[in-house]
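**Q** Got a predicted structure plus its sequence, pasted below:
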Amino acid sequence: MTVKEAVEQLVTALKTVPGVGGSVYTDPAAPNIQCPAMVIGPPLLILDGITITEAHFPIWAVTDKGEFAAEQLWELAPAVVAAIDQYTTGVVSQPPNPGAFPNGETDLPAYQFIAEVPL
């Protein structure tokens, strides 16, 4: 599998997350992210010499600010893990870390996952 194929596999999986409505972005700098959304960042590449053997993708589950932001994130977290488990092959998802996702001039509530993909 190539890095590009890994991204395509993750996009396909994350589009199935309930509540996201297909809002999956592969460019963390994309303007006007429509929340709730999933954002896949560029991966950390694990190399064996000049061969890429693994890619560790940061994935953010992002919601709008508001009184229900934390509750939305709590619902998204297990759905993200389930989608990755069900619709990808060999991908290991690390537990989510709470934080913020920078979007333009504001930070949005988010969980960050790391998806470890063997290539």
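**A** Thanks, I have it.
**Q** Please compute how far the longest helix along the chain lies from its chain's middle.
**A** Ordering each helix of the chain by length in residues (DSSP state H) puts helix 69-87 first. With Cα atoms, centre = their mean, to the nearest Å as the basis, helix 69-87 stands 10 Å off its chain's centre.
**Q** packing partners for the next helix or strand after that helix?
**A** Per DSSP states H and E, the first helix or strand lying C-terminal to helix 69-87 is strand 92-93. Counting contacts by 3 or more Cβ pairs under 8 Å, 6 or more residues apart in numbering; DSSP states H and E, strand 92-93 packs against helix 69-87, strand 106-118. All C-beta spots, glycine's among them, are computed from the backbone N, C-alpha and C.
**Q** Check those for me and report the most buried one.
**A** strand 106-118 (a mean of 19; mean count of other Cβ atoms under 10 Å).
**Q** so what's P43 closest to, chain neighbours aside?
**A** Nearest-residue entry for P43: A55, 3.8 Å, with adjacent residues in sequence omitted and distances by Cβ to Cβ, 6 or more residues apart in numbering.
**Q** repeat for I59
**A** F113 (4.5 Å).
**Q** For the residue nearest the centre of the chain, give the beta-bridge partners.
**A** Closest residue to the average C-alpha location of the chain: I59 at 2.3 Å, with Cα atoms, centre = their mean. For I59, the beta-bridge partners are I40, F113 (DSSP bridges).
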